[in-house]
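> need a structure here:
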Amino acid sequence: MRVTSRNAAFQQWEAMLTNRRKRTQLRQLLVQGVRPVSVALESPLEVVAVLHDDRRDPSQWAREAVARAVGRGAEQYTLSAELLAELAEQEQDRPEVVLVVAQPADDLARLPAGPDLLAVVLDRRTSPGNVGSIARSVDAFGGSGLVVCGHACDPYEPRAVRASTGSALTVPTVRLGSPYEVLAWVEDLRSRLGWVQVVGTDEDGPVELADADLTAPTVVVTGNETRGLSAAWREICDVMVHIPITGTASSLNAANATSVVLYEASRQRRHA
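Numbers count the residues shown, from 1 in each chain. Predicted coordinates:
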């Protein structure tokens, strides 16, 4: 189907760029960028539509991406380069291909739960870039999944998906409103696994990260970029850890700190 104007379908795609309510209502998201599109096409996610420009000489990658999407049942739309550019983020180069992908369910059962559990919970994170970077680290260090809790940014916002370089599409991600929903899940896991620890991060935590045993089934909780962990989460955590740093920096970037914790967990488990 060819789209030559900002019709109803185009306006719906455009709304998904900036309107979280629209993305939630439709249960869909836009995927753009070479690697995120490629990752989406390799994932089990449902590809609803593929949008590409009407140029006569698309790149080999674009031709293959469109063919793969159509082969998976996606509806095909051809747009002018100018219209397709309107669906790109400001900092992104003009895209050749944009996917419309179905959002997976916000169900904690999607997170693999076993003796090697290593899940990350983000408490009221507001930066899409940080959330996307953390999804990338969860993927890189063998994490089980990501839970975005409380009044936080949408992990399926285009900036978050791009910051994750596509990992947001493969790491099981769940959005929840309350820490007590996570606690109920942890208690259920404890009844099945015997023990699951909840490890909070704080620059004043009494335990140094390297001294914490992260080889057991673990849920790592990191707080808001400016206010840290909420009081509710501090009560839930079994142990609070800190990352020793030097220099004039008062703390690490939230995404960097979470990555350090995940690396340490991965290192301990490799040597266990």
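
> Which of the helices or strands spans Glu264?
helix 254-271 (DSSP states H and E).

> quick one: contacts of that helix?
Residues from elsewhere that reach helix 254-271 (CB atoms under 8 Å, 6 or more residues apart in numbering): 116, 118, 120, 122, 125, 127, 129-130, 133-134, 137-138, 140-143, 199, 201, 209-210, 213-215, 218, 220, 222-225, 241, 243, 251-252. Every C-beta, even on glycine, is put in place using the N, C-alpha and C of the backbone.

> cool, and stretch 66-83?
1-4, 6, 9-10, 41, 47-55, 58, 94, 97, 99-100.

> Farthest out from the centre of this structure, which residue is that? Tell me.
Distance to the chain centre peaks in the chain at Arg56, reaching 34.6 Å (criterion: CA atoms, centre = their mean).

> And what about that residue, helix, strand or coil?
Using DSSP: H, G, I helix; E, B strand; the rest coil, the secondary structure recorded for Arg56 is coil.

> which of the contacts of stretch 66-83 count as buried?
By neighbour count, with 16 or more other CB atoms under 10 Å, the contacts of stretch 66-83 hold 3, 9-10, 41, 47-53, 58, 97, 99-100 as buried.

> ok, the residue nearest to the spatial centre of the chain to Ile134 distance?
Central residue of the chain (CA atoms, centre = their mean): Ala168, 3.5 Å from the mean position. Distance, Ala168 to Ile134, by CB to CB, to the nearest Å: 9 Å.

> and Asp238, what is it in contact with?
Counting by CB under 8 Å, 6+ apart, Asp238 touches 197-199.

> and the gap between it and Gln197?
5 Å.

> what comes up buried for the helix holding Glu264?
In helix 254-271, the ones that count as buried by 16+ other CB under 10 Å are 254-255, 257-262, 264-266, 268-269.

> one step back: mind checking which of the contacts of helix 254-271 land in strands?
118, 120, 122, 199, 201, 218, 220, 222, 241 (DSSP state E).

> I'd say the third one and Ala152 touch.
Right, Leu122. Yes: between Leu122 and Ala152 there is a contact under CB atoms under 8 Å: 6.3 Å.

> quick one, which of these two is more surrounded?
When neighbours are counted by other CB atoms under 10 Å, Leu122 and Ala152 differ, and Leu122 comes out ahead with 28 against 19.
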